[in-house]
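Visitor: structure, please.
(2 chains)
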There are 2 protein chains.
Amino acid sequence: PWRIPYHHQGLLHYCREFGVQLEPFIELNHNSWLHSTGAFGGKAVRYRELASDFNGFTAELLAKAIDQHKLDELVPEEERAHIREAMKSWGALNTDMAYAKGNTSSLRRGFEKSQGGGVDGAPVPSDLFARKDVMQSGLWNWMAFHERLDMQTTMFQPVGGMDQIGKGFTRQVKDLITLNCKVSSIHQDDRGVTVTYTDTAHGDAVRQAQADYCVCTIPLSVLSQLDVQVNAGMKAAIAAVPYASSVKMGMEFKRRFWEEDDQIYGGISFTDQQISQISYPSNGIFSKGPAVLLGGYMFGPAAYDFAGMTPEERIQRALDQGTAIHPQYRKEFSNGVSFAWSRVPWTLGCCSMWTEEARKTHYKTLCAVDNRLVLAGEHASYVGCWQEGAILSALDAVTRLHKRALGAA
Amino acid sequence: PWRIPYHHQGLLHYCREFGVQLEPFIELNHNSWLHSTGAFGGKAVRYRELASDFNGFTAELLAKAIDQHKLDELVPEEERAHIREAMKSWGALNTDMAYAKGNTSSLRRGFEKSQGGGVDGAPVPSDLFARKDVMQSGLWNWMAFHERLDMQTTMFQPVGGMDQIGKGFTRQVKDLITLNCKVSSIHQDDRGVTVTYTDTAHGDAVRQAQADYCVCTIPLSVLSQLDVQVNAGMKAAIAAVPYASSVKMGMEFKRRFWEEDDQIYGGISFTDQQISQISYPSNGIFSKGPAVLLGGYMFGPAAYDFAGMTPEERIQRALDQGTAIHPQYRKEFSNGVSFAWSRVPWTLGCCSMWTEEARKTHYKTLCAVDNRLVLAGEHASYVGCWQEGAILSALDAVTRLHKRALGAA
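Guide: Residues are numbered from 1 along each chain as shown, chains lettered A, B, ... in the order given. Coordinates of the predicted model:
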């Protein structure tokens, strides 16, 4: 299963109406690992350690700048006390307005020896990282990541896997769907639309489907290679949007060592290696026996690199890189699968990557109804790469097409 | 159900071993409300709006201080570029290093008009709050709250309610427990311990139980009022720890308006009113029909105030205050219950509130084995107010008592 943001109200609505059960997806995990080959000697650090120190040092610096009257020109006097107070609270500064080793900072970043019970229960504070190492690490990018509107809590996943959503939709419109049809051309005139396709489920027979109107949801990466009868503007728009390459790895391990050894329950560890992240299952937490994690989620050059490997090579590479975060990786590994969207014939990529420039020139044209044809999909939305974009795009497309049809009737 | 932090490994261990099923508890919710009667004209703001603006303005100020060479004495030259880059990424600053209205800030705080699909899908950025209002609001205290070690993700709750944990333990030691015994004295000599109690399940008969040793888990708020035969140091320790008063409100509403109207799924809205917070259920999300939320969680003066009210008065007060955050509150309300720990005869308070001073003087003495008696409970731990403290304390107490018994044998 993977993630659905709380504000994807179109998708969430259909899940609720179609009986697709959802459960929380854990996105942010303070106990997950952040890893950069160039930071902290290549050793992974806990999210809570990095975030606490980043906040603390940032707050300390700003409070000092205020106290030393360095910001008097920028900050009116009545605001200074508020900022000072805010920095102390938010940054876990001590009574001297310093971010320093002690209980105050350890109650954020974690103790060297945890708070315990009984006669020897007193905790021992942990050492801080050096400020320059924190600031140089680049790992604060992952703090920013979790603040992105698309990545904020609360996040959901469909119980049983993302395909439950497709199955939910299928239950509603089963009788309207014909599978295994490879479209080769879409022609239209004033009376209707004709789609020519190869019926790959029946000996590659070439067939035609005719209708008054057509809502076409074929990804632009494929559509741009077909014989599609649209005006020149839309043709240019269809050709104007590059598609992202992406690869995901599903890897099964004999036990949940990330839970049992590292106390990581769901969430994501990040790395600057190609695999980019390891995402732990949000379901079945605390269960015994084997479990599957997301062992890599590649975009950009790393995705092209992985897409060019054999499945076995991908697994080996992911195991190598994952070992930098989890030394148990190879020992506990059971088996794995990978999926490279760029090699899937009916998508030829993961999703549309609009540039701002291309949007300005082509977006409205791409979305417009061209005679009897309208396009829909995440590519015809501002919620690119998400199912929500496809749903909002489709709702808009059919609404406009319906109006057009009524007007023409 | 309520929360269990990921690092409470003692409690989580027993849950796993005793078959107490756990599910994620959503603590941080970017879409929940933050409310202060003295900030933003008394209007609640979304967590994401406040947090984005706080981070953005903080980053902007620190970046400016760096750029204007105000911090050259505090920050070596090679570090300045890293801090600048960090502030830009973490704070969502634009290319001018400003935190300003636009897509960059709205991709954190949310848009005025969301990113949509189809021809009119372009989003409209939202206005920022004024920096001085953000800094004056005090609402950043709730950002700090979620960074506390005890409040970090991943958090859990027992499926079916917190009492499932008690039931899980009971299944293991059922034959050893006698309920409804009100202890009045604990005496000991060199041969054993005698506990006198009133058997309230059998006509208030006064009985005695005798044993070689005693592990006493009676809260200090009660124990300090009993006839307990311990040395003077332990007696002083037992009397030295005040107990927090606390009140919780469980309130049922006819529908999940916080989900349906506000898109809040689990998590907590905070307010500076007495109720302090409204916590939304992490289970049953998206279900139709009535649901229960935590309508108030009071400590300190507010807890004493609520504890002194009738149950009906508490409900009315909680409805009044909750309406400031959710205007639908009264209309959707069905019924509610409240629980004031200070009025529960067998706890007389919520949990121990050690001061640092009292810890220094009394903690080790409180935890020590006194002849044949040892105390256990969250009060004999550094994990006060949590079940984990009671478990760690008990493990330590019985381990030491066992050693003592072996030595004495």
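Visitor: how about the helices in the stretch 101-250 of chain A?
Guide: A:103-109, A:131-137, A:140-147, A:163-173, A:220-223, A:232-239 (DSSP state H, counting those that start in this stretch).
Visitor: could you dump the ones you listed to JSON lines with distance to chain B and mean pLDDT?
Guide: For every residue, glycine as well, the C-beta is placed using N, CA and C. Formatted as JSON lines, the entries for the helices of the stretch 101-250 of chain A read as follows, by distance: least, Cβ to the nearest Cβ, whole Å; pLDDT from 0 to 100:
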{"stretch": "helix A:103-109", "distance to chain B": "5", "mean pLDDT": "98"}
{"stretch": "helix A:131-137", "distance to chain B": "4", "mean pLDDT": "98"}
{"stretch": "helix A:140-147", "distance to chain B": "5", "mean pLDDT": "98"}
{"stretch": "helix A:163-173", "distance to chain B": "13", "mean pLDDT": "98"}
{"stretch": "helix A:220-223", "distance to chain B": "15", "mean pLDDT": "98"}
{"stretch": "helix A:232-239", "distance to chain B": "12", "mean pLDDT": "98"}
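Visitor: hmm, who's touching stretch A:329-346?
Guide: Contact partners of stretch A:329-346, identified using Cβ atoms under 8 Å, 6 or more residues apart in numbering or on different chains, comprise A:182, A:219, A:222, A:243, A:245-255, A:257, A:290, A:295-296, A:303-304, A:306-307, A:311, A:314-315, A:318-319, A:322-323, A:347-350.
Visitor: filter those to the buried ones?
Guide: Buried members of the contacts of stretch A:329-346, counted by 16 or more other Cβ atoms under 10 Å in any protein chain shown: A:219, A:222, A:243, A:245-249, A:251, A:253, A:255, A:257, A:295-296, A:303, A:306-307, A:314-315, A:318-319, A:322, A:348-350.
Visitor: in strands only, show me the residues you listed.
Guide: If you go by DSSP state E, the buried ones among the contacts of stretch A:329-346 have A:Y243, A:S246, A:V247, A:K248, A:M249, A:M251, A:F253, A:G295, A:G296 in strands.
Visitor: show me what contacts the last one?
Guide: Looking back up the chat, that one is A:G296. Per Cβ under 8 Å, 6+ apart, neighbours of A:G296: A:247-249, A:274-278, A:306, A:314, A:318, A:321-322, A:338.
Visitor: ok, now with 7 Å
Guide: A:G296 is in contact with A:V247, A:K248, A:M249, A:I275, A:S276, A:A318, counting by Cβ atoms under 7 Å, 6 or more residues apart in numbering or on different chains.
Visitor: any idea which of those residues is closest to A:L74?
Guide: Set against A:L74, the nearest of these by Cβ to Cβ is A:S276 (37.6 Å).
Visitor: where's the residue of chain A most remote from its centre relative to A:N335, distance?
Guide: The outermost residue of chain A relative to its centre, with distances by Cα atoms, centre = their mean, is A:V119 at 46.4 Å. Taken as Cβ to Cβ, to the nearest Å, the spacing of A:V119 relative to A:N335 amounts to 48 Å.
Visitor: cool, A:A380 as well?
Guide: From A:A380 over to A:N335 (counting by Cβ to Cβ), the distance is 38 Å.
Visitor: now do A:G295
Guide: 11 Å.
Visitor: kindly report the same for A:S282.
Guide: As judged by Cβ to Cβ, A:S282 and A:N335 stand 21 Å apart.
Visitor: who has more neighbours out of the two?
Guide: A:S282 (23 against 11; other Cβ atoms under 10 Å in any protein chain shown).
Visitor: helix or strand for the more buried one, which one?
Guide: Under DSSP states H and E, no helix or strand contains A:S282.
Visitor: that one contacts A:G266, correct?
Guide: Yes - using Cβ atoms under 7 Å as the test, A:S282 is close enough to A:G266 to be in contact (4.1 Å).
Visitor: joint contacts of those two?
Guide: With Cβ under 7 Å, 6+ apart as the test, A:S282 and A:G266 both reach A:I26, B:P24.
Visitor: domain ranges for chain A?
Guide: Chain A breaks down by automatic domain parsing into domains covering A:45-113+A:129-137, A:178-242+A:353-408.
Visitor: go through the ones you listed and pick out the most buried.
Guide: domain A:45-113+A:129-137 (a mean of 20; mean count of other Cβ atoms under 10 Å in any protein chain shown).
Visitor: now the end-to-end length of that domain.
Guide: 11 Å (Cα to Cα, to the nearest Å).
Visitor: do stretch A:291-307 as well
Guide: The straight-line separation of the ends of stretch A:291-307 (Cα to Cα) is 24 Å.
Visitor: returning to that earlier point: pull the most distant pair out of the ones in strands among the buried ones among the contacts of stretch A:329-346.
Guide: Maximum distance among these (Cβ to Cβ): 31.8 Å, for A:Y243 and A:F253.
Visitor: next one: stretch A:128-146 to chain centre, how far?
Guide: Counting by Cα atoms, centre = their mean, to the nearest Å, stretch A:128-146 is centred 21 Å from the centre of its parent chain.
Visitor: give me the contacts around stretch A:13-26.
Guide: A:3, A:154-159, A:164-165, A:168-169, A:171-172, A:266-267, A:282-283, A:391, B:24, B:26, B:153-154, B:266, B:282, B:285-286.
Visitor: no, scratch that, I was asking about stretch A:94-111
Guide: Stretch A:94-111 has contacts (Cβ under 7 Å, 6+ apart) with A:46, A:48-49, A:52-53, A:56-57, A:59-60, A:63, A:67, A:88, A:91-93, A:123-128, B:147-149.
Visitor: cool, and stretch A:123-140?
Guide: Contacts for stretch A:123-140 (Cβ under 7 Å, 6+ apart): A:34, A:36, A:39-40, A:49-50, A:53-54, A:57, A:101-103, A:105-106, A:109-115, B:79, B:82-83, B:86, B:89-90, B:382.
Visitor: what about A:P76, distance to A:T95?
Guide: Distance, A:P76 to A:T95, using Cβ to Cβ: 26 Å.
Visitor: still on that earlier bit, now which of the contacts of stretch A:13-26 would you call buried?
Guide: Here, 16+ other Cβ under 10 Å leaves A:3, A:154-158, A:164-165, A:168, A:266-267, A:282-283, A:391, B:24, B:26, B:153-154, B:266, B:282, B:285-286 buried among these.
Visitor: and those residues, which of them are in strands?
Guide: Those of these lying in strands (DSSP E): A:M155, A:F156, A:Q157, A:P158, B:P24.
Visitor: okay, these in JSON lines with distance to B:C367 next?
Guide: Shown next, in JSON lines, are these (distance: Cβ to Cβ, whole Å):
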{"residue": "A:M155", "distance to B:C367": "42"}
{"residue": "A:F156", "distance to B:C367": "44"}
{"residue": "A:Q157", "distance to B:C367": "44"}
{"residue": "A:P158", "distance to B:C367": "49"}
{"residue": "B:P24", "distance to B:C367": "34"}
